[in-house]
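>>> sequence and computational prediction follow.
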Amino acid sequence: MGQREPVLVPEVSQSRIEVRQGFTGANLLLYGAVIDPAGAASRTQYDIVVVLKGPTEPIRLREKERIAGVWMNSGSSDFRSAPSFFAVASSRPVAEIVDPRTAAIYELGTEFIQLSPTGQIEPEEQIRFAQGLVDLRRRSGLYKESEEGVRISEGVLYQARIALPSNVTTGQYTAETFAIANGRVLASATADIEVVKVGLEGRVVYFAEQWSLIYGLGAIFLSLSMGWLAGRLFAR
């Protein structure tokens, strides 16, 4: 009988994060254990990589160019499924753990995010726009990498901390953990995290999603009313 693969048991410190007025971000602790069927007799040394992804969304990225002293749109690219948040933490640099092909398959880094570009555009241009998107979101704190961001103790227990900034998108997040040895992904497991708006903001979002037509008409009416009221006040 062949040797069985290890089993990952992941946990998160918060499975639900509530975004209220004045939300300044949250620190997630992702931890767990690698259960090796061979028990303590096994000398396998595992590396751990944790990938935290936010909800995906379509996005259009525009490029501006200065023409005759005026900044104008000179090109654009569409992506079907750009993650709103993406973070990777690993026990050591990913390049030392797996080869680029394996890293690309499991998206073990910001350069390997599968953005699914659409439209008629040259591959070189798609790569340039994808790199631009990653750079923009990295500077906004929405895409990040932490080499040696995972601590492993006793060869089986691991923990990683990933900070969510205040500008995160609400929705369902997934934390996928990979146990890797000798360049091979031997086990993976996923934990879910829900980021929701609560309080007045949460009620407004819920109303807008459930009764979008009424919400839209109400917003138009409120805007017109405020304009009319401002006009009357300034006319006096």
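All right, it came through fine.

>>> hang on, Glu63 packs against Gln131?
No: in terms of C-beta atoms under 8 Å, Glu63 does not count as a neighbour of Gln131; the distance is 11.9 Å. Quick note: C-beta positions are derived from backbone N, CA and C, even for glycine.

>>> ok, then the element right after the helix or strand hosting Leu136?
Using DSSP states H and E, Leu136 sits within helix 123-139. Next in sequence after helix 123-139, counting helices and strands by DSSP H and E, comes strand 143-146.

>>> name every strand pairing with the helix or strand following that next one and say which way it goes.
Using DSSP H and E, the next helix or strand after strand 143-146 towards the C-terminus is strand 150-153. Partner strands for strand 150-153, per DSSP bridges, with pairing direction: strand 157-164 (antiparallel).

>>> direction included, what does the next helix or strand after the partner strand pair against?
Next along the chain after strand 157-164, taking DSSP H and E as the criterion, comes strand 171-181. Sheet pairing here is set by DSSP bridges, and for strand 171-181 it gives strand 47-53 (antiparallel), strand 184-197 (antiparallel).

>>> chain center to the last one: distance?
Its chain's average C-alpha position is 12 Å from that of strand 184-197, according to C-alpha atoms, centre = their mean, to the nearest Å.

>>> over to stretch 27-47?
The answer for stretch 27-47 is 25 Å, by C-alpha atoms, centre = their mean.

>>> ok, now stretch 80-87?
With C-alpha atoms, centre = their mean, you get 5 Å for stretch 80-87.

>>> which residues touch stretch 187-194?
If you take C-beta atoms under 8 Å, 6 or more residues apart in numbering as the criterion, stretch 187-194 is touched by 5-12, 14-17, 28, 30, 32, 34, 52, 106, 171-179.

>>> may I have that stretch exported as CSV, CA atoms only?
The C-alpha coordinates for stretch 187-194 follow below in CSV (Å, rounded to 0.1, in the frame of the first residue of the first chain):
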residue,chain,number,x,y,z
ALA,A,187,-2.6,18.7,0.6
SER,A,188,-4.9,21.7,0.5
ALA,A,189,-7.9,22.9,2.5
THR,A,190,-10.2,26.0,2.4
ALA,A,191,-11.8,28.1,5.1
ASP,A,192,-14.5,30.7,4.4
ILE,A,193,-14.7,34.2,5.8
GLU,A,194,-17.6,36.5,5.4
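
>>> list the buried residues for it?
Residues 187, 189, 191, 193 are the ones in stretch 187-194 that count as buried (16 or more other C-beta atoms under 10 Å).

>>> turn those residues into a markdown table, columns for distance to Phe79 and pLDDT.
What follows is the buried residues of stretch 187-194, written out as a markdown table (distance: C-beta to C-beta, whole Å; pLDDT from 0 to 100):
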| residue | distance to Phe79 | pLDDT |
| --- | --- | --- |
| Ala187 | 30 | 93 |
| Ala189 | 28 | 94 |
| Ala191 | 26 | 94 |
| Ile193 | 23 | 95 |
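
>>> okay, now the domains of the chain?
7-197, 198-236 (automatic domain parsing).

>>> from those domains, which stretch is densest packed?
domain 7-197 (a mean of 16; mean count of other C-beta atoms under 10 Å).

>>> mind checking which helix or strand of this structure has the lowest mean pLDDT?
Least confident helix or strand, the chain: helix 199-210 with a mean of 51, by mean pLDDT, DSSP states H and E.

>>> name the nearest residue to the residue nearest the centre of the chain, ignoring sequence neighbours.
Centroid-nearest residue in the chain, with C-alpha atoms, centre = their mean: Phe85, separated by 2.2 Å. Using C-beta to C-beta, 6 or more residues apart in numbering and skipping the chain neighbours, the partner closest in space to Phe85 is Gly54 (3.2 Å).
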